[in-house]
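Participant: Quick one, what's the 3D model for this:
(one chain, ligands or ions: 1)
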Amino acid sequence: MYLDTRGVMLRQFSFKSSLLPFNYLRSSAKIHLPIGATMSTFKNQNESTQQQTQKPVQVAKRLEKFKTTIFTQMSTLAIKHGAINLGQGFPNFDGPDFVKEAAIQAIKDGKNQYARGHGVPELNSAIAARFHKDTGLVVDPEKEVTVTSGCTEAIAATMLGLINPGDEVIVFAPFYDSYEATLSMAGAKVKGITLRPPDFSVPLEELKAAVTNKTRAILMNTPHNPTGKMFTREELETIASLCIENDLLVLSDEVYDKLAFEMDHISIASLPGMFERTVTLNSLGKTFSLTGWKIGWAIAPPHLTWGIRQAHSYLTFATSTPAQWAAVAALKAPDSYFKELKRDYNTKKEILVKGLKEVGFKVFPSSGTYFVVVDHTPFGLENDVAFCEYLIEEVGVVAIPTSVFYLNPEEGKNLVRFTFCKDEDTLRGAVERMKQKLKRKV
Ligand SMILES: Cc1ncc(COP(=O)(O)O)c(C=O)c1O
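Facilitator: Numbers count the residues shown, from 1 in each chain. You can find the predicted model right below:
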């Protein structure tokens, strides 16, 4: 039976086995251990049988509803079908030389042992200085900045360090997939507020109504993956007053802050009364096209930083030392670096958006990030997963189905996400393939 633990999709959608979550491919569930046997003795005693029979998947309850991430699935299929990957958000070009040189130098200089748990002091200072430049806020690098292994770890450390089992956390759907999983690890109850096309604006009344006496935090992301929406000042002010009135935290994921095209990025921490209740999460990956380095950070007042650092201490303890030293060089980049980055991405965005419109998609405006969301329904496929499958196999292009970013996957069934963090030839090539092979049905 194709029952999605999040909802209904698998039954309604004709997933092929290649797109089925790992859990569903191995459907027999129960494991019978001999009494007193540990998992490792069980393994050893059965080594020979292990080679012949596949064992059922074992996963803790808190994670059993989650699947192989869609990004892994799509990137694997892209390789299998030789498709152009406009799915997963990693650039197909390299990060800047001055940052790579700094990493090489750090390795040569012997900066290769464990770093201080909450960050190499110079990096904490560079993060605080950049935050000051960007937001006007002065933060203490020693007490208010924690360096983590990517923003993904900053998110996990924040949830595990600050959220108690049973706490309610409000998220805006569609949302980056690690939010729900890490909230689940923390035992939190996730409440979704859906941002709807065409502008994906925040339904402020719905948001207000969602707050209860169990609500601990609002988790937001601006510029927003996958929609490219940027939270407006008015939306941020409403969220801020709601948080102040109800004594809530805000966890604000701002990894795309330097990819704000249509308006200025606003950090909610900079609004009056908000710093003391906000955790600002960020990383190096998107801004410096070095997504594999996994250098991230959390900025929060000392009373919140303590919990984040406690979780971080026992998750990873410290982050790659030479990469932290290189991050110091990165964050000191001149303004011209950030201007050029935006200019380059603007050109890429124009190529993709124009191309997608010519192909026949309804393209929703994207103000920030390197993503754009489209309505695929003119091509007559029953849902986003079926469309993405068709696109990979018959057209040779990868996009990401957005239903995976919703608590109720039905809400994303008409939408798919393309990324433009690829070189211009790749973007043109993908558009050309779609123009040739994708035909509108309606
Ligand atoms: C909204 C959002 N937050 C966080 C991350 C992860 O950042 P990092 O690679 O630094 O862990 C991503 C990566 O795609 C993202 O889109």
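Participant: In this structure, which residue is most central in space?
Facilitator: By Cα atoms, centre = their mean, the chain has its centre lying nearest to residue 176, at 3.9 Å.
Participant: Pretty sure that one sits against residue 406.
Facilitator: No - look at residue 176 against residue 406 with Cβ atoms under 8 Å: they stay out of range, at 11.9 Å. C-beta coordinates here come from the backbone N, C-alpha and C atoms, glycine included.
Participant: ok, longest helix in this protein?
Facilitator: As assigned by DSSP state H, the longest helix anywhere in the chain is helix 335-359.
Participant: Pairing partners for residue 260 in the sheet, please.
Facilitator: Per DSSP bridges, the residues bridged to residue 260 are residue 368.
Participant: Let me see the mean pLDDT of stretch 210-218.
Facilitator: Mean pLDDT, stretch 210-218: 98.
Participant: residues of that stretch that come out buried?
Facilitator: By 16 or more other Cβ atoms under 10 Å, the buried positions in stretch 210-218 come out as 210-211, 215-218.
Participant: With distance to the ligand and secondary structure as extra columns, can I get the residues you listed in JSON lines?
Facilitator: Shown next, in JSON lines, are the buried residues of stretch 210-218 (distance: Cβ to the nearest ligand atom, whole Å; DSSP: H, G, I helix; E, B strand; the rest coil):
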{"residue": "210", "distance to the ligand": "21", "secondary structure": "helix"}
{"residue": "211", "distance to the ligand": "23", "secondary structure": "coil"}
{"residue": "215", "distance to the ligand": "22", "secondary structure": "strand"}
{"residue": "216", "distance to the ligand": "20", "secondary structure": "strand"}
{"residue": "217", "distance to the ligand": "16", "secondary structure": "strand"}
{"residue": "218", "distance to the ligand": "15", "secondary structure": "strand"}
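Participant: I'd like to know how many residues surround the residue in the stretch 1-150 of the chain that the ligand sits nearest to.
Facilitator: Going by Cβ to the nearest ligand atom, the ligand is nearest to residue 150 of the stretch 1-150 of the chain, at 2.7 Å. For residue 150, the neighbour count with other Cβ atoms under 10 Å is 22.
Participant: First-to-last residue distance for stretch 358-370?
Facilitator: Using Cα to Cα, to the nearest Å, the end-to-end distance of stretch 358-370 comes to 19 Å.
Participant: pLDDT weak spots in this structure?
Facilitator: The chain contains residues with pLDDT under 70 at 1-52, 442.
Participant: in it, which spans are strands?
Facilitator: 84-85, 145-148, 168-173, 189-194, 215-221, 249-253, 278-283, 296-299, 362-363, 371-375, 397-398, 400-401, 415-419 (DSSP state E).
Participant: Surely residue 74 and residue 397 touch.
Facilitator: No - using Cβ under 8 Å, residue 74 is not in contact with residue 397, being 10.8 Å away.
Participant: residues contacting the nearest residue to residue 142 once chain neighbours are set aside?
Facilitator: Take residue 142 and drop its neighbours on the chain: the residue closest to it by Cβ to Cβ, 6 or more residues apart in numbering is residue 124, 6.5 Å away. When contacts are counted by Cβ atoms under 8 Å, 6 or more residues apart in numbering, residue 124 touches 118, 141-142, 145, 147.
Participant: Repeat that for residue 180.
Facilitator: So residue 180 contacts 66, 171, 190, 407 (Cβ under 8 Å, 6+ apart).
Participant: Grab the nearest non-local neighbour of the third one.
Facilitator: Just to be clear, that refers to residue 190. Using Cβ to Cβ, 6+ apart, the nearest residue to residue 190 is residue 183, at 5.1 Å.
Participant: just residue 129 next, same as before
Facilitator: residue 331 (7.4 Å).
Participant: distance of the one you found from residue 338?
Facilitator: Distance, residue 331 to residue 338, using Cβ to Cβ, to the nearest Å: 11 Å.
Participant: between these two, who's got more neighbours?
Facilitator: In this view residue 331 and residue 338 are compared by other Cβ under 10 Å, and residue 331 has more residues nearby, 23 against 14.
Participant: Might one say that that one is in contact with residue 122?
Facilitator: No - judged on Cβ under 8 Å, residue 331 makes no contact with residue 122 at a distance of 9.9 Å.
Participant: residue boundaries of the helices in the stretch 201-350 of the chain?
Facilitator: 204-210, 233-246, 302-315, 321-331, 335-359 (DSSP state H, counting those that start in this stretch).
Participant: which one of those helices lies closest to residue 283?
Facilitator: helix 321-331 (9.3 Å; Cβ to Cβ).
Participant: can you state the direction angle for that closest one and helix 335-359?
Facilitator: With axes from the mean of the first three to the mean of the last three Cα atoms, to 10 degrees applied, the angle from helix 321-331 to helix 335-359 works out at 90 degrees.
Participant: and helix 321-331, what does it pack onto?
Facilitator: Contact partners of helix 321-331 among helices and strands, from 3 or more Cβ pairs under 8 Å, 6 or more residues apart in numbering; DSSP states H and E: helix 97-108, helix 121-135.
Participant: Just say which of these is most tucked in.
Facilitator: helix 121-135 (a mean of 20; mean count of other Cβ atoms under 10 Å).
Participant: between that helix and helix 321-331, how big is the angle?
Facilitator: Using the same axes, to 10 degrees: helix 121-135 against helix 321-331 is 30 degrees.
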